[in-house]
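> Sharing a model prediction with you, sequence too.
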Amino acid sequence: MSKEILAEGVCDLGNREVSHLRDAIHGSVILPGEPAYEHTRKVWNALFDRRPAVIVVCRGVSDVVETVKFASRYGLPVSVRGGGHHIAGHGTCDNGVMIDTSEMRAVSVNPVRRIATVQCGATAGEVIRETQRFGLAVPTGDVSKVGIAGLTLGGGMGYLRRKYGLTCDNLIGADIVLADGSFVHVSADENPELFWAIRGGGGNFGVVTSFEFQLHPVGPMVMGIQVTYSGDDMAVVLRGCRDYLATGTVDVSFNIAMVAIPPLPGVPPHLVGQRVVTLNGMHAGKDLEQAALDIEPLRRLATPLMDMSGPVDYTGLHTMHDDRIPEGVPAYGKSLYVGDLDDEMINVIKNAVRNGGPMSMAMIWPLGGEMANVPADRSAFGDRGASSVVMMESLWQDPSEEEPAINWVTSFYDALRPYAYNDGTYLNMAGLEEDVEAIIRASYGRNYERLAIIKRQYDPTNVFRFNLNIAPVDERIN
């Protein structure tokens, strides 16, 4: 069905059908032209300017059920907006039903069982704040603004990945509204095949309304890693990180960012605009004295421009980079997994970064540790054998900057392809490739066939397709 025909079908619904939906839910139904529409339809990445036919701001599970039934009744596809931070703008859609879960944000913690129950609209920061009241945490990302739902369903890599694995590795149960409007619970014992699929399989199988996470003792104070080196020392810093990780403790997880320093609070004026290499992360151990010793080598890889490493509040650590990528600015990015960070690859990265624009960023997230100990078939996420994931992003504010920004990402990505671990990518940072379906298949590897069969069982008409889509098994292109 073309967008034009679908749009006409939506218009033909008329006020009566929309009124029935409004009467059936506790939340809000927002249509084009209404005051809240322009704000609510937007996602973080302004590269995407999509216009849903209907936006439903849900306040609870019953709202989600009624909205999915409404979409099914009139043959409308569904997008689901949690945090709205995916690089490919998947939280919104054209001419479909957009389910906004931002008012479903409750977080409940059982400190005895070390379990958190989290509604789908909560952000990572809200989960961190509530769990930290009890000195507990679940692995999340490296910033607080990202939505917990999308993060979990796509895997979830953060500062605890080497110690406690991915976010999805710590998922022990979930509630899901399926494409037919039915409501199910999943766990290792209940609907186990669907439980397997949502741990890395994205939003392909329904609207996950609630998550149950296993928590771990972390914080409230941890040893933070916040050290900045000159871009001139990039090669020696990257080699030093590689060598450190070969012998370092799994308590340590950190990200390497190569970026021009923006004019942020606390940044000395003489450093603004300078291209630097920063290490941002933490040591998860309780013994801060030992943690300080363990991270010391990372603080003397070269002469630091700034070093703010030291004891830090775990909650605050995850807000330090919230403004790294501002809301409402166009962004373009890709990622790929790489093998060993050898000297030849380091030179490729160094040359690419040197040619980046003022709002370009390259990141290397070293992997391994506990996340790598999970077999590829244990969850949908798949193979964990890569040493690192490399991400490249560009932002722009003036339309004239769009083409060079995109070209930089593309050329960087192409230059790194010969060093790729496989043909896949981290799917929470994917969707802008030329052949998205090929990337999805490669990223899931042998798990793809199983996922397509599960998709056929739970969403045979592909209602949930505004995502990194896995088509139902009989719709796949072979």
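Structure's in. What do you need?

> Can you name the next helix or strand after the helix or strand of the chain with the lowest mean pLDDT?
One helix or strand of the chain scores below all others by mean pLDDT, DSSP states H and E: helix 3-24, with a mean of 62. Moving toward the C-terminus from helix 3-24, the next helix or strand (DSSP states H and E) is strand 28-30.

> Parallel or antiparallel, list what pairs with that following strand.
strand 54-57 (antiparallel) (DSSP bridges).

> Would you mind checking the average pLDDT for the strand it pairs with?
Mean per-residue pLDDT for strand 54-57: 96.

> residues in contact with that strand?
Applying Cβ atoms under 8 Å, 6 or more residues apart in numbering, the contact partners of strand 54-57 are 10, 18, 21, 25, 27-31, 36-37, 40-41, 63, 67, 70, 76, 96-100, 102-103. Any C-beta I mention is one placed from the backbone N, CA and C, and that applies to glycine too.

> The following helix or strand past it packs against which elements?
Next helix or strand after strand 54-57 toward the C-terminus (DSSP H and E): helix 61-73. The helices and strands touching helix 61-73, judged by 3 or more Cβ pairs under 8 Å, 6 or more residues apart in numbering; DSSP states H and E, are helix 3-24, strand 54-57, strand 78-81, strand 97-100, strand 171-177, strand 207-214.

> Can you give the contact residues for the fifth one?
It stands for strand 171-177. Counting by Cβ under 8 Å, 6+ apart, 61, 64-65, 68, 115, 152, 183-188, 190, 194-195, 198-199, 205-214 sit against strand 171-177.

> List only buried entries from the residues you listed.
For those, a burial check counting by 16 or more other Cβ atoms under 10 Å picks out 61, 64-65, 68, 115, 152, 183, 186, 194-195, 198-199, 205-214.

> returning to that earlier point: if we compare the helices and strands packed on helix 61-73, which one ends up closest to Ser394?
Distance to Ser394, taken as Cβ to Cβ, is lowest for strand 78-81 among the helices and strands packed on helix 61-73, at 23.9 Å.

> that older thread, may I see the helices and strands packed on helix 61-73 organised as CSV, with distance to Met391 added?
Listed next are the helices and strands packed on helix 61-73 as CSV, based on distance: least, Cβ to Cβ, whole Å:
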stretch, distance to Met391
helix 3-24, 31
strand 54-57, 30
strand 78-81, 23
strand 97-100, 27
strand 171-177, 23
strand 207-214, 25
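
> Out of those, which one sits most buried?
strand 78-81 (a mean of 28; mean count of other Cβ atoms under 10 Å).

> Can you name the residues in contact with that strand?
For strand 78-81, contacts defined as Cβ under 8 Å, 6+ apart pick out 43, 52, 67-68, 71, 90-93, 96-102, 149, 203, 207, 463-464, 466-467.

> roughly how far is it from the heart of the chain?
Centroid displacement of strand 78-81 relative to its chain, using Cα atoms, centre = their mean, to the nearest Å, is 15 Å.

> So what are the sheet partners of that strand and their directions?
Partners of strand 78-81 in its sheet, by DSSP bridges: strand 97-100 (parallel).

> Export only the CA atoms of the partner strand, formatted as PDB.
In PDB, the C-alpha atoms belonging to strand 97-100 read as follows (Å, rounded to 0.1, in the frame of the first residue of the first chain):
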ATOM      1  CA  VAL A  97       0.300   5.200  14.400                       C
ATOM      2  CA  MET A  98       3.000   6.500  16.700                       C
ATOM      3  CA  ILE A  99       2.800   5.100  20.200                       C
ATOM      4  CA  ASP A 100       4.500   7.500  22.600                       C
END
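
> mean confidence for it?
For strand 97-100, the mean per-residue pLDDT is 96.

> Any regions of the stretch 351-478 of the chain where pLDDT drops low?
Scanning the stretch 351-478 of the chain for pLDDT under 70 picks out 474-478.

> same thing but 50
Scanning the stretch 351-478 of the chain for pLDDT under 50 picks out 476-478.

> what separates the residue lying closest to Phe183 once chain neighbours are set aside from Cys58, distance-wise?
Spatial nearest neighbour of Phe183, excluding adjacent residues (Cβ to Cβ, 6 or more residues apart in numbering): Val177 at 5.6 Å. Distance, Val177 to Cys58, using Cβ to Cβ, to the nearest Å: 10 Å.
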